[in-house]
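structure here, sequence nowhere to be found:
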């Protein structure tokens, strides 16, 4: 196997996944929206449930868990990040497709947390049905009142009271909470406001049907509500859960967050590459069919320049993402933090530029419901903010580069 | 009056308009959305109707018609483009505000067409109630099947049959057609497919309630339907109107389109400057209040860089727009075509960059319904396509520059 | 006079200046380089001396001094900044042309200092021959050892000793010092290191032939030495000058620097617009003559896009510069600091982009001695650093914008 | 060996090459310029000759020839493009270093031509001394009068006359011709103007001392003459060479050019990555040492942003270059043409942005002779033109993408 070859196992899965997409996903894109837009928007989509067993039967299921999170291969096939990346990219081409393969956010990140940090009881209760795709989950971290890009700012409280924890706080951008099958949320809050800064936070499991848990409203992204998945603003008022719902131990929330966010970020980047690749395909398709000023769009030089620029940017972003995956596999998520930060900046920005060029070449159709492009754009735009805004990751890249060259600003 | 001073008449109107915005528009932004989102979305908004008489009573009404279109001052106060520009900018700061002053698209462009090209009968029937804000209008030009950036591509047919014209075709992006008060559409189509290329098109008046006129669906823009105004896809099947509904004469549609689009474009640019200016204000407000990593956002250098960059880009775009207005006033819309083309490229792109920076500094709130920013973005993005995509205007700027230096590519 | 009109006096001067350029400057561009490259490079250029009396005879002389610096009109025709701007732009089209009109840096800035702050004796000794173009001058401020973008960092010492000042220090980027006719330098240094931060600096006049003044070497800019003008690194070792050579008084150096730099900056910006305009002309000329792939370059869409983009950027930068000039004329240099800072960022960057596009369209010729473009590029690039790097001015623009909206970061 | 690992052989050579650079190249940078600037500029540099045997003794010699050009390993160690890339990058960090390792342009490209297409006699006469570093060579293709980006435009004539060819033409940008040790030029011209378009050209060997060969002048790049290597404008007047000097056969010049340019381009890209990497190192060094506004530059956020952006861009450009190298090794230069075209656009543009940021952070020093940055910039800028301007390669990338998706514009 040489430098830019793909592992045989991945190549085989790529082929089967592509075939599945062509048989079951692309032909159903309109059907998905039809089901969501019929009747109550916040119901689980039947189409997804029909496709899941098919995907599972073909072995296209739970591909996301790397050996580091599942060393004994109990939960999945045990692909490395580098092996999973090209598969995640393919799934990412249609925004609702990953769930068909049980590989969608935030469930993948949550399952990884359960796999790494859950007790056997927690795993049995929540990880097993999640791995089976029977329930969905949420991750309640971001708060409207504080700049949540710094996790130490989180202000919700988790207070021990006998055998229980009492939880209070307001969260938003709790993605996936719109789906009625979402049964469990991993909640981050402060157990000890007086502890050392990185030891104040804890993560605790909060079943969605616990008294005091309320969805206040669903947020929109540009004009999309992303139903039935959705992004909730939620309140937690004197919510009581058993003490055994604590993850890993009090004060270890920041540690879990750090461990969870790396893989979550690279999965987003892989999917963004897939979105960009698809936007470029749509561009070429449009450019070859639509005629303006007497010749196909592709016969206009500015259209070809757009196509070439997108190709060059996508290829670079993909290679950088694969390199980050390789680093995660070989030196670990922590040592790869500079590489993860870099792709978290590069991938959404590249995807946005590629999608934007695609929109421009599609004309009016490109901003309308006739095209997946504007929704792609809205989602990619959010990813310049979600899991930390560009500047936070840019600072990480800079810090790593300074460190690499022996510069430590703190000593000055 | 020196070079960069504003005319006293404009300064007075600026002050009164700003006061009106502060008293009646900004405080009602949430109310507007509440009214639209309550019950049936496609009803005329009561709030607008309450505010219109107030604006009219204060003389903030029909400010858009330049002397060239209304030489005798019959229809409005007769502000020049240069005088109107700073006012249009202020109205543009809130997307639904221009209608309060009867200065919204596409009605302004349509009223200008009626004023310049309408017969007294057509003016009485349609222009008078439009100037009174009693009815709304639409402009049916763009077609889904052809690249409508070249108006000569329009394929709908207008066929003479006795004392009537019979109209057939499919149109989309017919903005304003969602409002039940929209009563009249100016329809562009071919009367003579065999005529010289610029003489094939005509414009004819089609009352919205004419049999055969159907709204097939409302289009979305990045998830927004812009209700109740909206953007319709419409079919016209064997629609019959009296021959007297023809505007200016058969074969003169392209000529009217050219005359109509210049002012329409500069109005859009003025409003975009207003949107950008408001986005920058929101940015500064957010940057001074939100704290991250222990200090206000504005204390972070990258935030200040964003603010400075937006300020520099807005100021340049505004000056270019004012210069184009001045050229339209002094040498006419046709000779100013290079300047109009330039702002049609510059203003939306500047607005998009400014709004995008504002979104980034707002974090998650910036893409949600809590902020006007994402809808601003969606609308500004559309204006890189509407009335001709960037490349078409870029070509015009290049052609004018080549011509200015004596280069004529056609002779080579 | 309306908003975008040019004053009649300026229009007349524009016409005469353009005629002079066409008759005497453009045809002599090769001759200038021939004279410089023949024999010793660091001699005053004969061609310049031949043209000066012609320019003076035509009234194209000392046009730079605004009424604020010369209220009684003793020294020049008294054009406002807004009137001078379009003239300075024309002169700027050829890098050595401004000296022919006695309007070149750093002499204009120095003459402005003498006019505003010089004693009658200082004016007679130095300003009179400068205004006559008989001698040249230098401005010794920047030091190699400190970040001179903050003038308070300047470390050279000026120490009183009886009736004399003793000067010690190392300066670089002392432009104009290469010319043997450069007779006087305005030297900035510290008279009182213990004074309040903005009162430590003073400016003192140092004749170039004073013992202890040495030119150590001439600096290059992208390989160019800009002979015979040049940029010197100089040492001042125990240089003694009479106490009467102090400008304005001890401790007022920072004040003079602030007053000097505003006009100097806008002159640079005006010249940069001229350079950009010329680069665009060369682009169009090349694009209409050179054939590639069977048609003139201008028939390739990417070339037309480059031309249009340059036209749009230049027009915006010019308007912003004119607006800054208008503000300087009407509210004064200090209140116009935000506008001056903005153009100091915008103009060099626009010029660089325009020149870079021109180079690309010229192919190999565009980087060689056959074209003025690479030297233009080198000079424009320097102006993103000289008189303060981009970031310093960007910060000023941001600070002014925050202040305008009532945000004061220092109070937080 | 996994995806992003480097081959052991390369790792070993990297280490030894880096050690050589640190011991012999970096410490001699000033000495190189001292030798060139002392006395006659167009003499071979003694320093290079002293270092060559050292490099050769350490096995750091002729590393550039891939197995495809030297299948029997007669001429060098036979590194693949992928193995050579990281080494070429290291050499590229100092512009004159590649020659020390006999890996400099245009000699590498010429040696590859001799290796692939030369007769045993031609190889003995010219390739052997080139491989020994005893002589230097030139490549005479580009002509001032035609857009040479399209090789079929070349107009020089090569006419058979008995046992000789008679050569006439004017060439420029003949790099390396300034060195008195340059003994042979590969000359491209037309043997049959009436042949099919790609069969008109031939390449013939012209010893530099043949009567009728004249160097008219040396071209500058920005202000640099790149002595003693240099870029010549040359005339060939009735130059006669034996018929045996023809390469490969009449009419095969275009074919050789295509084969030669691919490797030449990727070598340039590898060296550009090295230049960019070095510019970033200099940036970090400066940023950690220079103080402005009371803290090191690196403590200013905009400096860290610049560092991070450069790191992200360099890493992407390197990966893309390595992928192109891998494709050349595995599918061949022709099938890899899309990848080669992509890096030919990406690498110079990335290098220019990185170097430009470095210049900005260096302040005035960054444009002067005290820094290698401005010369780096000048050379990188030329590479957006040399071997084809950006747009030509952009078109190739677009064409490959369209082809990949089954779109053939010619059939329309």
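Ah, there it is. Keep in mind that this is a model prediction, so the values were computed, not measured. Residues are numbered from 1 along each chain as shown, chains lettered A, B, ... in the order given.

report the closest residue of chain A relative to chain B.
Taking CB to the nearest CB as the measure, chain A has residue A:223 as its residue closest to chain B, at 2.6 Å. To be clear about C-beta, it is placed using only N, CA and C from the backbone, and glycine gets the same treatment.

now that residue: how far from residue B:362?
For residue A:223, the distance to residue B:362 equals 17 Å [CB to CB, to the nearest Å].

okay, the two: which has more neighbours?
Just comparing residue A:223 and residue B:362: by other CB atoms under 10 Å in any protein chain shown the higher neighbour count belongs to residue B:362, 24 against 19.

quick one, the helix or strand encompassing that one and helix A:337-362 angle?
Using DSSP states H and E, residue B:362 sits within helix B:337-362. For the pair helix B:337-362 and helix A:337-362, the angle between their directions (axes from the mean of the first three to the mean of the last three CA atoms, to 10 degrees) equals 150 degrees.

ok, the helix or strand following helix B:337-362 near chain A or not?
Proceeding N to C from helix B:337-362, the next assigned helix or strand is helix B:373-382, under DSSP H and E. Yes - taking CB under 8 Å from any CB of the partner chain as the criterion, helix B:373-382 and chain A are in contact, through B:374-375, B:377-378, B:381-382.

packing partners of helix B:373-382?
Using 3 or more CB pairs under 8 Å, 6 or more residues apart in numbering or on different chains; DSSP states H and E as the contact test, the elements touching helix B:373-382 are helix B:253-289, helix B:337-362.

quick one: mean pLDDT for the last one?
Taken as a whole, helix B:337-362 has a mean pLDDT of 97.

close to chain A, is it?
Yes - Helix B:337-362 is in contact with chain A by CB under 8 Å from any CB, via B:359-360.

that helix to helix B:253-289, inter-axis angle?
Using the same axes, to 10 degrees: helix B:337-362 against helix B:253-289 is 30 degrees.

helix B:337-362: how far from the chain's middle?
The gap between where helix B:337-362 is centred and where its chain is centred comes out at 15 Å by CA atoms, centre = their mean, to the nearest Å.

hmm, back to that, do you know which of the helices and strands packed on helix B:373-382 lies nearest residue D:152?
Ranking the helices and strands packed on helix B:373-382 by their distance to residue D:152 (criterion: CB to CB) puts helix B:337-362 first, at 35.8 Å.

anything in the closest one near chain C?
Yes - contact between helix B:337-362 and chain C is present through B:342, B:345-346 (criterion: CB under 8 Å from any CB).

contacts only, for residue A:270.
If a contact means CB atoms under 8 Å, 6 or more residues apart in numbering or on different chains, then residue A:270 has A:84-86, A:88-89, A:92, A:321 as its contacts.

from these, which land in helices?
Secondary-structure check on the contacts of residue A:270 using DSSP state H: residues within helices are A:84-86, A:88-89, A:321.

will you turn those into a markdown table that also has distance to residue B:155?
Listed next are those as a markdown table, based on distance: CB to CB, whole Å:
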| residue | distance to residue B:155 |
| --- | --- |
| A:84 | 49 |
| A:85 | 47 |
| A:86 | 44 |
| A:88 | 44 |
| A:89 | 40 |
| A:321 | 45 |
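
neighbour-wise, which of those residues leads?
residue A:321 (30 neighbours).

tell me if I'm right that that one and residue A:267 touch.
No - counting by CB atoms under 8 Å, residue A:267 is not a contact partner of residue A:321; they are 10.1 Å apart.

buried residues in the helix or strand in which residue A:238 is found?
When elements are assigned from DSSP H and E, residue A:238 belongs to strand A:231-242. Taking 16 or more other CB atoms under 10 Å in any protein chain shown as the basis for neighbour counts, the residues of strand A:231-242 that come out buried are A:231-234, A:236, A:239-241.

these: which two are farthest apart?
Maximum distance among the buried residues of strand A:231-242 (CB to CB): 25.7 Å, for A:231 and A:240.

excluding its backbone neighbours, what's nearest the residue of the stretch 201-350 of chain A found nearest chain C?
In the stretch 201-350 of chain A, the residue that lies nearest chain C is residue A:301 (3.8 Å; CB to the nearest CB). Across the structure, with CB to CB, 6 or more residues apart in numbering or on different chains as the measure, the residue nearest residue A:301 apart from its sequence neighbours is residue C:301 (3.8 Å).

tell me the pLDDT of that neighbour.
If you check residue C:301, the pLDDT there is 98.

assign the closest residue to residue A:311 other than its chain neighbours to helix, strand or coil.
When the adjacent residues along the chain are set aside, residue A:311 lies closest to residue D:401, with 4.9 Å between them (CB to CB, 6+ apart). Residue D:401 falls in the helix class when you classify it by DSSP: H, G, I helix; E, B strand; the rest coil.

can you give me the neighbour number for residue D:401?
Counted by other CB under 10 Å, the residues lying close to residue D:401 total 23.

same question for residue A:195.
Residue A:195 is surrounded by 13 other residues when neighbours are defined as other CB under 10 Å.

ok, residue A:335 next?
For residue A:335, which is what you asked about, the neighbour count (other CB under 10 Å) is 12.

try residue A:134
A count of nearby residues for residue A:134, using other CB under 10 Å, gives 11.
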